[in-house]
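In: For reference, the sequence and a predicted model appear below.
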Amino acid sequence: MKQTLIKGGRVLDPETGIDGVMDILIENGKIAEIGNEKSKIQNPKSKIIDASGKLVTPGLIDIHTHLREPGHEYKETVESGCLAAAHGGFTAICCMPNTEPVNDNQSVTDYILRKANMAVGVRVYPVGAISQGLRGESLAEYGEMKSAGVVAVSDDGNPVMNAQLMRRALEYAKGFGLLVISHCEDRNLTANGAMNEGATATRLGLAGIPNAAETVMVARDIALCELTDAPLHIAHVSAEGSVRLIRDAKARGLQLTAETAPHYFSLTEEAVMNYDTNAKVYPPLRTDRDRDAVWQGLRDGTIDVIASDHAPHSSVEKDLEFDAAANGLIGMETSLPLSLKLVEMGLLSLKDLIAKMSTNPARILELDYVGLKRGNPADLTIIDLEKKFTVDANTFCSKSRNTPFNGWELKGKAVLTMVRGKIVFDDR
Amino acid sequence: MKIEKKDILDIESLSTEEIELILDTADSLKEISTRPIKKVPTLRGKTIVHFFHESSTRTRTSFEIAAKRLSADTVSISASTSSIVKGETLADTVRNLEAMNPDAIILRHSASGAPHMLARLVRSSVINAGDGMHAHPTQALLDMMTVREKKGRLHGLSVAIIGDIAHSRVARSNTVGFLKMGAHVILAGPPTMIPQGIEVLGAPVTYYVEEAIKNADVIIMLRIQKERQQPFLFPSEREYASYYGLTTENLAAARDDVLIMHPGPINRGVEIAPEVADGPYSVILDQVANGVAIRMALLYLLLGGPR
């Protein structure tokens, strides 16, 4: 029997409420025991991982990433993306369907999962398309994709502009137990905007995207969620008005969940000054006021999840005039350290933060394992909360370098990532 | 004296002293254009690339003439004659130009920030000849020169800028420039053409043209940019002309010695009535003449003497 003993770490699991120095015994990839140091699980035959002084949490799950394979392997592959995830402390990631070809059928889903099986071992949960070809015209084959392994559907960067199609998507997905993830944006309001609308855009002479481009769509989708009684997850919330709408809808008991990304609580539109295309992202970075609202939403539980929205682009897409540059930034390798700042700032408890990056995503995706429980697969992350480092994009495992956080001094980092009892990253 | 910066990208980055210096230099160089032999050897041996990625008649010609009057060698490229049509990126095109060692690159581009990006990439001086909706510093300088020439000062004057503020780089650069030099600036136009947050520039905004015109010393009319127009900004040119255009009727509210300016090209009968454009208060052609002097001054101050 293959055994591993993780010794003396502070085990923190929001699901079970465990928080204390404990040992975890792993047998055959599953958690066999969790207990105090002097418990029976001290076993001389085990491989021992010394976690003293470190935090041991359920494996982090990134509910929103882009792996670019198939189609844009020069930006990222399933393999490089999984490696980046492991380095960021993630044991599982969801990858969006905007590949080429689009993941709107089981053969693309199969392909991604086959690639994932050959990679480092991080779990990959593909997200299928809401509509065929992400064109917003007709439903994709949810049944077949679900059988092939998708956990949710989303048209990702292409908002579903047709409300009737969105309604049918919610209804049809419900029949297969699939979550619908919505990128809320009214494309007519966005028009040709390149950054947040307001004083900074006016100063820079860039066309603006108003907050309302997001909030009118959040409002519409909440109405459709209520109409269909189907679960809906709002992706990358960035605007004050969206937080308010989601809070109210949740208070009415809708099956609604929401995520935001580290850049929306770490940066504002000021990051675009100097026309830095690494800070060009959809939805755009917004104002202090929106960032404060996102903080508040994280704090009071309106926003359930922190996702990276890892969007790799090469210099071919980024080394351009601001208007012409692609949207998106990479985040899997900076997500945890940036999020830990929220704990340092006193905005979130460590337990709440881990919930938003691990157990909440698992529950929203209805994974059959949540948290560190006996019998669950040994998916866990060991975090060194004191580790200080400087972000250097050149050391990233991701194939792309488009981060606005290069050079930032951060504290706290994953030092070991384990999936099904197998170490996929170790930097103790 | 010369300017101790590599590039001229916008008005924000120029100090009032630098603006004074540019205007004074332009005043003194203006005379060269009236000589029978309109050429001095100041920039002999210097190479200037005029890279006009967006179409332009007057700015481009003005820069070319300015460079030639200072005896610089000039090369002219437009997007349609450059490798950009073959799919080369702007950055690569300019890196290649840089390898041929020009002393200055004059860039006109439809994307805001394009000259800033180039300035980071090349050793040559970059002069912004208009970028997207962002800035048109040489236009603002020639406008300030024209006003100073006619009024003897900039400080304390009331300047009204009227029209499509949202899409106008001229409006932005002029607002910043005139405010910097101590003038009062008021912006006017329909609400659909007033961008969010414009107040940060420091000029009040009105939706009523009469209010802006009243007591104005200078009126700068902006062009309705048909090529940049998004839908729904205004219902018809007819309505625009009657509510936001400058006509002899609403001009009556302005000061007796008001100056009427326009960066051109003008849409006659839309933002400005023909009789106003050609009338006694119009200094539109003086602006064009001064454009050459301003561009000569900038080239002289950036490239003259050893760097």
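Out: In hand now; what should we look at?
In: can you give me the helices for the stretch 1-150 of chain B?
Out: Secondary structure of the stretch 1-150 of chain B by DSSP state H, counting those that start in this stretch: the helices cover B:16-29, B:58-69, B:90-99, B:114-121, B:137-151.
In: check whether the longest one contacts chain A.
Out: No: contact check for helix B:137-151 against chain A, using Cβ under 8 Å from any Cβ of the partner chain: none in range, with a minimum separation of 12.1 Å. Heads up, the C-betas are built off the backbone N, CA and C, glycines and all.
In: Distance from that helix to the middle of the chain?
Out: Helix B:137-151 sits 9 Å away from the centroid of its parent chain (Cα atoms, centre = their mean, to the nearest Å).
In: The third one too?
Out: Shown here is helix B:90-99, whose average C-alpha point lies 25 Å from the average C-alpha point of the whole chain (Cα atoms, centre = their mean).
In: Let me see the ranges of the strands in chain B.
Out: B:47-52, B:73-78, B:104-109, B:125-131, B:158-162, B:184-188, B:205-206, B:218-221, B:259-261 (DSSP state E).
In: could I get those as TSV with mean neighbour count and mean pLDDT?
Out: Output for the strands of chain B, formatted as TSV (neighbours: other Cβ atoms under 10 Å in any protein chain shown; pLDDT from 0 to 100):
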stretch	mean neighbour count	mean pLDDT
strand B:47-52	24	95
strand B:73-78	16	92
strand B:104-109	26	96
strand B:125-131	26	97
strand B:158-162	25	98
strand B:184-188	22	98
strand B:205-206	16	97
strand B:218-221	27	98
strand B:259-261	24	97
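In: could I get those as a markdown table with distance to chain A?
Out: Shown next, in a markdown table, are the strands of chain B (distance: least, Cβ to the nearest Cβ, whole Å):
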| stretch | distance to chain A |
| --- | --- |
| strand B:47-52 | 13 |
| strand B:73-78 | 16 |
| strand B:104-109 | 7 |
| strand B:125-131 | 7 |
| strand B:158-162 | 14 |
| strand B:184-188 | 11 |
| strand B:205-206 | 11 |
| strand B:218-221 | 17 |
| strand B:259-261 | 21 |
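In: A:Glu141 is nearest to which of those strands?
Out: Nearest to A:Glu141 among the strands of chain B is strand B:104-109; the distance by Cβ to Cβ comes to 45.1 Å.
In: Listing request: residues of the chain with sub-threshold pLDDT.
Out: Went with chain A since none was named. Along chain A, segments meeting pLDDT under 70 span A:1, A:37-44.
In: not what I meant, chain B
Out: Residue ranges of chain B with pLDDT under 70: B:1, B:227-230, B:305-307.
In: circling back to that earlier point, to A:Ala201, which of the helices of the stretch 1-150 of chain B lies closest?
Out: Counting by Cβ to Cβ, A:Ala201 lies closest to helix B:114-121 out of these; the figure is 15.2 Å.
In: Can you report how many residues neighbour the closest residue to A:Ala239 other than its chain neighbours?
Out: Among residues not flanking A:Ala239 along the chain, A:Asn211 sits closest, at 4.3 Å (Cβ to Cβ, 6 or more residues apart in numbering or on different chains). Look at A:Asn211: counted by other Cβ atoms under 10 Å in any protein chain shown, it has 23 neighbours.
In: check contacts around the residue most central in space within chain A.
Out: Note on chain A: the residue nearest the mean C-alpha position is A:Ala307, at 2.4 Å, using Cα atoms, centre = their mean. Neighbouring residues of A:Ala307 by Cβ atoms under 8 Å, 6 or more residues apart in numbering or on different chains: A:62-65, A:235-236, A:259-261, A:335, A:361.
In: And it, how close does it get to chain B?
Out: Relative to chain B, A:Ala307 is positioned 29 Å away (Cβ to the nearest Cβ, to the nearest Å).
In: quick one: the strands in the stretch 251-400 of chain A?
Out: Remark: strands assigned in the stretch 251-400 of chain A by DSSP state E, counting those that start in this stretch are A:256-260, A:305-306, A:380-390.
In: Downstream of the longest one, the next helix or strand is which one?
Out: Beyond strand A:380-390 on the C-terminal side, the first helix or strand identified by DSSP states H and E is strand A:409-419.
In: what lines up beside that next one in the sheet?
Out: According to DSSP bridges, strand A:409-419 has the following sheet partners: strand A:380-390 (antiparallel), strand A:422-426 (antiparallel).
In: nearest residue to the residue of the stretch 1-150 of chain B found nearest chain A other than its sequence neighbours?
Out: Going by Cβ to the nearest Cβ, chain A is nearest to B:His134 of the stretch 1-150 of chain B, at 2.7 Å. Nearest non-adjacent residue to B:His134, counting by Cβ to Cβ, 6+ apart: A:Gly205, 2.7 Å away.
In: Counting neighbours, what do you get for A:Asp384?
Out: A:Asp384, neighbours per other Cβ under 10 Å, totals 19.
In: nope, B:Gly202 is what I meant
Out: 11.
In: Ok, A:Leu232 next?
Out: The burial count for A:Leu232: 24, using other Cβ under 10 Å.
In: from what I can see it touches A:Cys184, true?
Out: No: contact criterion Cβ atoms under 8 Å: A:Leu232 and A:Cys184 do not qualify, at 10.2 Å.
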